[in-house]
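Participant: Here's my sequence, what's the structure:
(one chain, ligands or ions: 1)
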Amino acid sequence: MTKNIITRFAPSPTGLLHVGNIRTALFNYLYAIKNNGKFILRIDDTDSERSTDEFAEQIVSDLKWLGIKIDKIYKQSERIDIYRKYFNQLVEKGFLYECFETQEELDYKRKRLVARRMPPVYDRASLNLSEEKKNQYISEGRKPYWRFKLSGKKNIFHDLVRGEVSVDTSAQSDPVVVREDGGFLYNLPSVIDDIEMGVTNIIRGEDHVTNSGIQVEMFTSLGKDSPVFGHHPLLVDENGDPFSKRNAALSVKGLKEKNFEPMAINSLNTSIGTSIEINSFQSLKEISEILDLSKLGRAPGRFSLDQLMKLNSSQLSILSFEEIKNRLENQNIIASKTLWEIVKNNLNYLSEYSKWDEIINKDIEVENLDYEFLKTASDVLPDEPWDNSTWNLWIDKIKVSTDRKGRDLFLPLRKAITGLDDGPELKELILLIGYDKIKKRLLGK
Ligand code: GLU
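Facilitator: Residues are numbered from 1 along each chain as shown. Next comes the predicted model:
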């Protein structure tokens with residue numbers, strides 16, 4: 001029997017989600033829906049100083065806006081009792097040990113090793129402390145913190161993206177799992193949650209490969225097999241720099257405020273650095289059917305805002321009228337199917353629709369026009385009723401009355417009629433604007 005796939009996205013609510021973070025969320029979600037599985041959102045908020053409820057709420061709303069359907073949400077801060085239970089088991093089994101070094105002592109040890117060109121791996125001095133010594137430290141006011149004892153072996157696992165991966169834990173310090181103040185650090189709660197929540201696949205950035213090597217041992221210490229891992233290359237910005245939670249402009253919230261289409265973001269985010277051609281996809285389902293994690297390139301994917309803008313505009317041209325109607329009506333804009341069909345290939349953002357609505361239905365102000373030419377054009381403007389042939393008929397008449405052609409003829413007309421230098425076909429636009437308004441605009445009234 002094949003396992004029911006469960007994936008999870010586990011952000012820390014310490015800032016806004018950016019395009020790099022959501023790549024992880026998207027890959028997990030796409031993998032889940034491709035396999036008829038489930039997708040969990042786990043809020044990693046054990047760091048109470050840096051985590052906030054506002055960021056956690058923003059994460060949920062960002063994911064929803066992108067079209068990601070969350071099956072279940074967990075918060076680590078509500079699960080501390082569960083972690084304690086597992087922690088006690090591991091202490092009993094001898095996988096965890098108490099340490100008493102101060103930060104200064106650890107820094108000193110580390111510097112000495114580095115000076116001798118040795119890897120700065122923790123020397124396990126606390127592992128062999130006598131009970132007497134430990135009691136002495138405690139009576140001096142030191143508080144113990146806890147480390148997980150690594151095996152020092154090479155952990156080999158199959159990675160959905162990278163194939164066979166080997167992490168040598170002898171090159172790692174035993175990770176601290178519980179701080180002096182009793183707070184849990186990332187690795188152990190993550191493993192416990194992955195066990196408790198039945199997570200089958202962990203897809204995350206390649207900055208987590210070493211953690212995975214460590215976590216494999218934690219799963220084993222708890223008598224469990226590890227989930228299947230997949231580590232994807234990270235996204236970088238146009239300058240090749242990693243994304244940061246501080247760069248609000250490329251946060252999901254920021255992109256939403258700039259009126260980008262969620263599917264344009266999703267399409268670009270999941271196709272850069274993959275075998276998928278960069279394209280506008282209509283749905284996440286469609287991407288899930290073609291995405292193959294084993295075909296991800298190894299180089300970091302470069303996310304460019306220019307590329308996103310281009311994709312945004314082609315994304316708009318594939319939206320159905322029903323979809324945009326609902327969205328515009330939610331903003332109290334009445335959508336016309338005829339206008340939508342005319343302008344949809346000329347929009348960078350959906351918010352520009354109302355600009356065209358105004359150009360058609362309201363008065364516009366344009367200055368510095370060539371009124372002599374426009375007066376001639378107005379004199380030969382055909383009477384209504386108008387149809388698809390009106391524009392050509394009018395242009396032919398203007399050509400006869402003036403010696404203009406090409407740009408010299410079309411640009412002043414466009415400018416007078418729409419107030420702009422470019423836009424959808426005038427042939428179609430004039431039918432919506434109508435004789436009276438065009439006449440007034442040509443005469444500068
Ligand atoms: N909170 C961790 C992070 O944001 C989760 C990593 C993981 O296990 O996926 O990096």
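Participant: Given the lowest-mean-pLDDT helix or strand in the chain, what are its sheet partners and their directions?
Facilitator: Here the helix or strand of the chain ranked lowest by mean pLDDT, DSSP states H and E is strand 301-302, holding a mean of 89. Note on strand 301-302: by DSSP bridges, its sheet partners are strand 235-236 (parallel).
Participant: what does the least confident helix or strand of the chain contact?
Facilitator: Under the criterion CB atoms under 8 Å, 6 or more residues apart in numbering, residues 23, 233-238, 240, 272-274 lie in contact with strand 301-302. C-beta: built from backbone N, CA, C; applies to glycine.
Participant: average pLDDT for the top helix by length along the chain?
Facilitator: Assignment by DSSP state H gives helix 19-34 as the longest helix of the chain. Average pLDDT, helix 19-34: 96.
Participant: residues of it that come out buried?
Facilitator: 19-34 (16 or more other CB atoms under 10 Å).
Participant: And for stretch 57-65?
Facilitator: Within stretch 57-65, the residues that count as buried by 16+ other CB under 10 Å are 58-59, 62-63.
Participant: tell me which of those is nearest to Ile395?
Facilitator: Set against Ile395, the nearest of the buried residues of stretch 57-65 by CB to CB is Asp62 (48.8 Å).
Participant: For the closest one, which non-adjacent residue is closest in space?
Facilitator: Val252 (4.0 Å; CB to CB, 6 or more residues apart in numbering).
Participant: same deal with Leu411?
Facilitator: Leaving aside its sequence neighbours, Leu411 sits nearest to Asp421 (CB to CB, 6+ apart; 6.8 Å).
Participant: now Lys111, what's its secondary structure?
Facilitator: Secondary structure, DSSP: H, G, I helix; E, B strand; the rest coil: Lys111 is helix.
Participant: how many neighbours does the closest residue to the ligand within the stretch 301-445 of the chain have?
Facilitator: Nearest residue of the stretch 301-445 of the chain to the ligand: Gly301, at 17.8 Å (CB to the nearest ligand atom). Counted with other CB atoms under 10 Å, the neighbours of Gly301 add up to 21.
Participant: contacting residues for the closest residue to it other than its chain neighbours?
Facilitator: Spatial nearest neighbour of Gly301, excluding adjacent residues (CB to CB, 6+ apart): Gly273 at 3.1 Å. Contacts for Gly273 (CB under 8 Å, 6+ apart) come out as 233, 235, 296-297, 299-302.
Participant: Assess the claim that Val236 and Asn247 are in contact.
Facilitator: No. The pair Val236 / Asn247 is not scored as a contact, 11.8 Å apart, by CB atoms under 8 Å.
Participant: Any chance you could list residues touching both of those two?
Facilitator: Contacts common to Val236 and Asn247, judged by CB under 8 Å, 6+ apart, are absent.
Participant: returning to what we had before: next one: the residue nearest to Leu411 from Ser226, what distance?
Facilitator: Counting by CB to CB, to the nearest Å, the gap from Asp421 to Ser226 is 60 Å.
Participant: Kind regards, and thank you for your time.
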